[in-house]
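Visitor: just the structure for this:
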Amino acid sequence: MELSAEFWNQVKQQIKNRNAENKLIETWIDPIIFVRLEGDAARPKMVLGVPTSLHMYFVTENLMDSIYAEVSETIRKPFELDLVITGHQQQTNQEASSLSEAFSTPEVRQNQPFQVAPHRTSGSINPEYTFSTFVVGRNTEFAHAACYNVARNPGQVYNPLFICGPVGMGKTHLLNAVGNQIREAYPSQRILYISAETFLNECVSAIRRHEMEKFRQKYRENSDILLVDDVQYIGRGEATQEEFFHTINTFFERKKQVVLASDRMPKDILSLEDRNRSRLEWGLIADISMPDLETRVAILRYKAEKLNIRINEEVVTHIARISKRSIRELEGNLKKVKIYSELQGLTIDVSLAKKVLSSHETETTLSMEDIQKMVADHFKVRINDLKSSSRAKPIVIPRQISMYLIKKHLDKSLVDIGRAFGGKDHTTVINALERVEYLQTKNVEIKNDIEVLTSRIHNVTGL
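Guide: Residues are numbered from 1 along each chain as shown. This is a model prediction of the structure:
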């Protein structure tokens with residue numbers, strides 16, 4: 001079969017058919033076009049075009065093996081492949097699903113060469129932190145979608161966008177992804193990526209050197225997009241907060257995009273002035289929690305592929321189960337196993353993983369008291385109320401839900417549960433479990449309460 005545009009379209013379709021479950025493949029493979037045929041009949045070279053340098057990087061790193069395999073299986077003779085940047089992108093597939101669209105590459109104007117505007121980005125945006133390299137799970141769906149929409153329409157949708165979550169959960173990745181996406185789609189936009197600590201230090205330095213006009217020029221006049229990481233540190237100084245407030249205000253008034261990341265909600269940032277807190281809460285807050293086991297497994301598979309580590313599912317599942325604190329811990333444990341296997345010359349299997357990671361906690365640290373506290377906080381009651389003999393409805397339902405969650409997640413005996421609630425009889429516990437099961441089928445609010453509490457328990461246990 002002759003290598004042609006028609007042939008390439010067939011190859012693309014075959015690759016998509018083989019990866020029907022993976023919409024990310026479809027998004028990156030569709031814009032690749034046939035450019036020309038080089039070489040000779042004995043060893044033809046098919047030159048393919050991609051829209052941007054970022055696209056070339058992703059295809060080279062992730063799809064070339066699949067393309068080679070598919071072409072080879074079809075023509076069954078020696079050939080070569082080459083990629084070039086065309087600077088334009090085919091019309092987006094109208095039938096692509098919304099999920100595919102959420103992962104799609106930045107739009108580039110037709111027939112305009114891709115250019116990286118010199119000195120347009122301040123700070124060090126990591127080119128590897130893109131939306132395509134971010135593994136989306138139930139814990140990050142909302143944050144990912146919000147960031148992507150902001151990057152597609154800077155200054156037009158959520159402003160500011162506030163990304164909140166524990167350390168090592170992917171906030172910085174999403175912040176960088178926004179910067180990379182805007183840089184690709186809007187090369188004329190001046191992007192300022194900083195940490196709050198950098199802002200604080202530069203502000204203090206400018207005050208000491210009487211260079212505040214220069215400081216304000218940098219942050220308010222010479223930037224179109226402001227990306228700030230670790231915003232929790234902004235509460236350390238009054239003068240810093242003053243400048244931060246006016247900087248954010250300037251961006252809002254000029255409809256320029258602000259994206260912030262923090263390990264705590266605005267209301268929980270110590271010493272933060274009310275007007276700053278109000279500004280941070282004005283837009284959209286996207287919360288990130290610890291991914292569930294299924295998502296951690298998916299992330300681990302991706303990390304292993306990027307690091308060229310061959311591990312079986314048993315090893316992947318074991319590392320994912322014990323890595324409950326953060327994504328950084330997940331990747332760190334994977335690298336630890338890899339390095340140990342290389343130094344010792346051993347094949348990576350589950351026994352090796354268990355040996356190397358034996359110091360990690362494998363059992364949940366959640367206790368009955370922890371669940372009682374979660375429930376008490378959720379329903380705004382006291383733990384002592386849960387343990388009391390009160391029959392008031394605002395106390396009875398939280399008490400019964402506490403018993404239900406303890407039995408479900410800690411598998412304690414009925415006697416132990418009763419004892420934890422002021423010496424209740426085991427029949428009282430049985431009645432509570434049955435009552436909660438029934439209420440979930442009849443009362444939507446209680447069902448939602450239990451789902452929220454269950455999610456918090458999963459964030460602690462990682463399971």
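Visitor: okay, strands next: where are they in the chain?
Guide: Assigned by DSSP state E, the strands in the chain fall at 33-39, 44-50, 80-85, 121-122, 161-164, 191-195, 225-229, 257-262, 284-287.
Visitor: mind checking those strands for the one nearest to residue 293?
Guide: Nearest to residue 293 among the strands of the chain is strand 284-287 (19.6 Å), distances taken as C-beta to C-beta. In this view, the C-beta of every residue, glycine as well, is placed from N, C-alpha and C.
Visitor: in its sheet, what does the closest one sit against?
Guide: strand 161-164 (parallel) (DSSP bridges).
Visitor: quick check: mean pLDDT across the strand it pairs with?
Guide: Mean per-residue pLDDT for strand 161-164: 93.
Visitor: with just CA atoms, put it into CSV.
Guide: Extracted C-alpha coordinates of strand 161-164, given in CSV (Å, rounded to 0.1, in the frame of the first residue of the first chain):
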residue,chain,number,x,y,z
LEU,A,161,-9.4,30.6,40.2
PHE,A,162,-8.2,29.3,43.6
ILE,A,163,-6.8,25.8,43.6
CYS,A,164,-6.8,24.3,47.1
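Visitor: show residues contacting it.
Guide: Contacts of strand 161-164 with the rest of the structure, by C-beta atoms under 8 Å, 6 or more residues apart in numbering, involve 143, 146-147, 150, 171, 174-175, 231, 257-266, 280-281, 283-288.
Visitor: and what of stretch 73-82?
Guide: By C-beta under 8 Å, 6+ apart, stretch 73-82 touches 1, 3, 7, 10-11, 14, 38-39, 42-48, 64, 67-68, 71-72.
Visitor: and with 7 Å instead?
Guide: Contact with stretch 73-82 is made by 1, 11, 39, 43-48, 67-68, 71, as judged by C-beta atoms under 7 Å, 6 or more residues apart in numbering.
Visitor: just put the residues you listed in CSV and tack on pLDDT, neighbour count and distance to residue 323.
Guide: Output for these, formatted as CSV (pLDDT from 0 to 100; neighbours: other C-beta atoms under 10 Å; distance: C-beta to C-beta, whole Å):
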residue, pLDDT, neighbour count, distance to residue 323
1, 59, 11, 47
11, 88, 23, 38
39, 77, 15, 48
43, 76, 11, 47
44, 83, 16, 47
45, 84, 14, 44
46, 86, 22, 42
47, 88, 17, 43
48, 90, 20, 38
67, 85, 20, 33
68, 77, 13, 34
71, 82, 20, 38
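Visitor: show me which of those is closest to residue 454.
Guide: Using C-beta to C-beta, the contacts of stretch 73-82 come closest to residue 454 at residue 67, 43.1 Å.
Visitor: for residue 382, see how far away the closest one is.
Guide: 63 Å (C-beta to C-beta, to the nearest Å).
Visitor: before we move on, what about residue 453?
Guide: Separation of residue 453 from residue 382 (C-beta to C-beta): 17 Å.
Visitor: who has more neighbours out of these two?
Guide: Per other C-beta atoms under 10 Å, whichever of residue 453 and residue 382 has more neighbours is residue 453, with 22 against 10.
Visitor: check contacts around that one.
Guide: Taking C-beta under 7 Å, 6+ apart, we find residue 453 in contact with 374-375, 378, 405.
Visitor: got it, and residue 167?
Guide: Contacts for residue 167 (C-beta under 7 Å, 6+ apart) come out as 263, 326.
Visitor: and it, how far from residue 156?
Guide: According to C-beta to C-beta, residue 167 stands 31 Å off from residue 156.
Visitor: equivalent analysis for residue 389, please.
Guide: Note on residue 389: its distance to residue 156, by C-beta to C-beta, is 57 Å.
Visitor: cool, and residue 293?
Guide: Separation of residue 293 from residue 156 (C-beta to C-beta) stands at 37 Å.
Visitor: who's more crowded, the two?
Guide: residue 293 (17 against 11).
Visitor: tell me the domain boundaries of the protein?
Guide: In terms of domains, the chain is parsed into 5-93, 121-287, 306-356, 368-461 (source: automatic domain parsing).
Visitor: quick one: mean pLDDT for the last one?
Guide: Translated: domain 368-461. 87.
Visitor: output stretch 351-371 as PDB, restricted to C-alpha atoms.
Guide: Provided in PDB are the C-alpha atoms of stretch 351-371 (Å, rounded to 0.1, in the frame of the first residue of the first chain):
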ATOM      1  CA  SER A 351       8.300  -9.200  47.300                       C
ATOM      2  CA  LEU A 352      11.000  -6.700  46.400                       C
ATOM      3  CA  ALA A 353       8.600  -3.800  46.700                       C
ATOM      4  CA  LYS A 354       7.400  -5.000  50.100                       C
ATOM      5  CA  LYS A 355      11.000  -5.300  51.300                       C
ATOM      6  CA  VAL A 356      12.100  -1.900  50.000                       C
ATOM      7  CA  LEU A 357       9.000  -0.100  51.300                       C
ATOM      8  CA  SER A 358       8.600  -2.100  54.500                       C
ATOM      9  CA  SER A 359       8.900   1.000  56.700                       C
ATOM     10  CA  HIS A 360       5.700   2.500  55.300                       C
ATOM     11  CA  GLU A 361       2.500   2.300  57.200                       C
ATOM     12  CA  THR A 362       0.300  -0.300  55.600                       C
ATOM     13  CA  GLU A 363      -2.600  -0.200  58.100                       C
ATOM     14  CA  THR A 364      -5.000   2.600  58.400                       C
ATOM     15  CA  THR A 365      -4.400   5.000  61.300                       C
ATOM     16  CA  LEU A 366      -8.000   6.000  61.500                       C
ATOM     17  CA  SER A 367      -9.600   5.300  64.900                       C
ATOM     18  CA  MET A 368     -13.200   5.300  66.200                       C
ATOM     19  CA  GLU A 369     -12.500   8.600  67.900                       C
ATOM     20  CA  ASP A 370     -11.400  10.000  64.500                       C
ATOM     21  CA  ILE A 371     -14.700   9.100  62.900                       C
END
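Visitor: ok, residues contacting that stretch?
Guide: Stretch 351-371 is contacted by residues 315, 318-319, 322, 333, 336-337, 340-341, 346, 402, 405-406, 409-410, 412, 420, 457, 460-461, 463 when judged by C-beta under 7 Å, 6+ apart.
Visitor: let's see 6 Å
Guide: With contact meaning C-beta atoms under 6 Å, 6 or more residues apart in numbering, stretch 351-371 is reached by 315, 318, 322, 333, 336-337, 340, 346, 405-406, 420, 460-461.
Visitor: so of those residues, which ones are in helices?
Guide: 315, 318, 322, 333, 336-337, 340, 405-406, 420, 460-461 (DSSP state H).
Visitor: type out the PyMOL command that picks the buried ones from those residues.
Guide: To isolate the buried ones among those in PyMOL, judged by 16 or more other C-beta atoms under 10 Å, type:
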select buried, resi 315+318+322+333+337+340+405+406+420+460+461
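Visitor: can you tell me which two in the ones in helices among the contacts of stretch 351-371 are farthest apart?
Guide: Maximum pairwise distance among the ones in helices among the contacts of stretch 351-371 (C-beta to C-beta): 41.5 Å, between 340 and 420.
Visitor: please consider this matter closed, and thank you.
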